[in-house]
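S.K.: need coordinates for the below:
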Amino acid sequence: MREIALECEPPLARIRLDRPDRRNAMSLAMWRALPEICADIEARADVRVVIVEGAGGHFCAGADISEFDVTFGDLEAARTYLDAIEAGLEALVALDRPVIAMLEGNAIGGGLAIGLSCDLRFCADDAHLAIPPAKLGLLYGPVETRRLVEMVGPAHARDLLFSGRRVTTQEALAMGLIDRRAPASELRGAVESYAREIAVLSQASIRGAKKAVEAVMKGDAASLRGLVEEAAMGEDFREGRTAFGDKRKPRFG
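M.R.: Numbering: from 1, shown residues only. Okay, here's the model as predicted:
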């Protein structure tokens, strides 16, 4: 069995971290597999929403510390390892359709970085969230740190990085680290219900909105205007306004 796997049940796809004996800690092989899995999703027109989840009641306990003597054995090895982490996270960020992280159990360090690389984070009330590199003498990587600051702002980011403390899901929601909370027993249903709800809407609009948010964050006003113009000339907008006039639900392709 692969330690990280893609399961497609159109219109949904699931990226499952499947190493429950290690609380789904990310090995180098798992980081290297992420870009390939994301490429497989991009090639599938029938997948509209992606859910990232962990097996065995945990999302991900972070990087596999048992590999550190090898992955950080010398500077060349460290660079190779950090490149693999960045490539995996950036592949998630770059997916052109909504990606939802289902955070339960442990979502620590590199595991939380995977969640931050998704568009939305749905979290079980009893999940454990922390960013502990300061307890190991490490730094959070550049991709991870950038996304963290974007999500919670510099003050909260400093607090989380300086202290390495675990935050409650209530505090995480208040600071913007997660987007929704649910009892653990209801989390999967909440994630799937939301995913199916947006899967029937205009995918041109949703994918355009994802690009638009990134354009705003980068200060790219020209790209944002181009996205709006493209949508205004698109088939989905034509169907949407026709359906409104006909008093029926739109049928988006």
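S.K.: so what touches the lowest-mean-pLDDT helix or strand in the chain?
M.R.: When each helix and strand of the chain is scored by mean pLDDT, DSSP states H and E, helix 221-232 comes last, with a mean of 84. The contact list for helix 221-232 (CB atoms under 8 Å, 6 or more residues apart in numbering) reads Ala204, Ser205, Gly208, Lys211, Ala212, Ala215, Val216, Phe237. Every C-beta, even on glycine, is put in place using the N, C-alpha and C of the backbone.
S.K.: the second one contacts Glu235, doesn't it?
M.R.: So that's Ser205. No: Ser205 sits out of contact with Glu235 when judged by CB atoms under 8 Å, with a separation of 11.3 Å.
S.K.: mutual contacts of those two, please.
M.R.: With CB under 8 Å, 6+ apart as the test, Ser205 and Glu235 reach no residue in common.
S.K.: more neighbours: the two, which one.
M.R.: Ser205 (16 against 11; other CB atoms under 10 Å).
S.K.: what packs against the helix or strand containing Ile85?
M.R.: Using DSSP states H and E, Ile85 sits in helix 75-94. Counting contacts by 3 or more CB pairs under 8 Å, 6 or more residues apart in numbering; DSSP states H and E, helix 75-94 packs against helix 28-42, helix 68-71, helix 110-116, helix 142-163.
S.K.: if you set the cut-off to 10 Å instead, what comes out?
M.R.: helix 28-42, helix 68-71, strand 99-103, helix 110-116, helix 142-163 (3 or more CB pairs under 10 Å, 6 or more residues apart in numbering; DSSP states H and E).
S.K.: just the helices in the stretch 151-253 of the chain please.
M.R.: Along the stretch 151-253 of the chain, counting by DSSP state H, counting those that start in this stretch, helices occupy 169-175, 187-199, 203-218, 221-232, 235-246.
S.K.: list the buried residues of the second one.
M.R.: Same thing as helix 187-199. Leu187, Arg188, Ala190, Val191, Glu192, Tyr194, Ala195, Ile198, Ala199 (16 or more other CB atoms under 10 Å).
S.K.: quickly list the domain ranges of this protein.
M.R.: The record's domain parsing of the chain by automatic domain parsing lists 4-199, 203-246.
S.K.: pick the most buried one from those.
M.R.: Sort these by mean neighbour count, taking mean count of other CB atoms under 10 Å, and domain 4-199 sits at the top with a mean of 18.
S.K.: ends of that domain, how far apart?
M.R.: Taking CA to CA, to the nearest Å, the first and last residues of domain 4-199 lie 24 Å apart.
S.K.: ramachandran coordinates for Lys249?
M.R.: Dihedral pair for Lys249: phi -80, psi 140, per degrees, to the nearest 10.
S.K.: where does Ala107 land in three-state SS?
M.R.: Following DSSP: H, G, I helix; E, B strand; the rest coil, Ala107 is assigned to strand.
S.K.: with Glu7 instead?
M.R.: Taking three-state DSSP, the label given to Glu7 is strand.
S.K.: distance of it from Phe162?
M.R.: 38 Å (CB to CB, to the nearest Å).
S.K.: who's in contact with Leu12?
M.R.: Asp46, Val47, Arg48, Val49, Val50, Ile51, Ile100, Val191, Glu192, Ala195, Arg196, Ala199 (CB atoms under 10 Å, 6 or more residues apart in numbering).
S.K.: no wait, Val143
M.R.: Leu82, Ile85, Glu86, Ala87, Gly88, Leu89, Glu90, Leu92, Val93, Ala113, Leu116, Ser117.
S.K.: could you measure from the fourth one over to Leu34?
M.R.: I take that to be Ala87. 7 Å.
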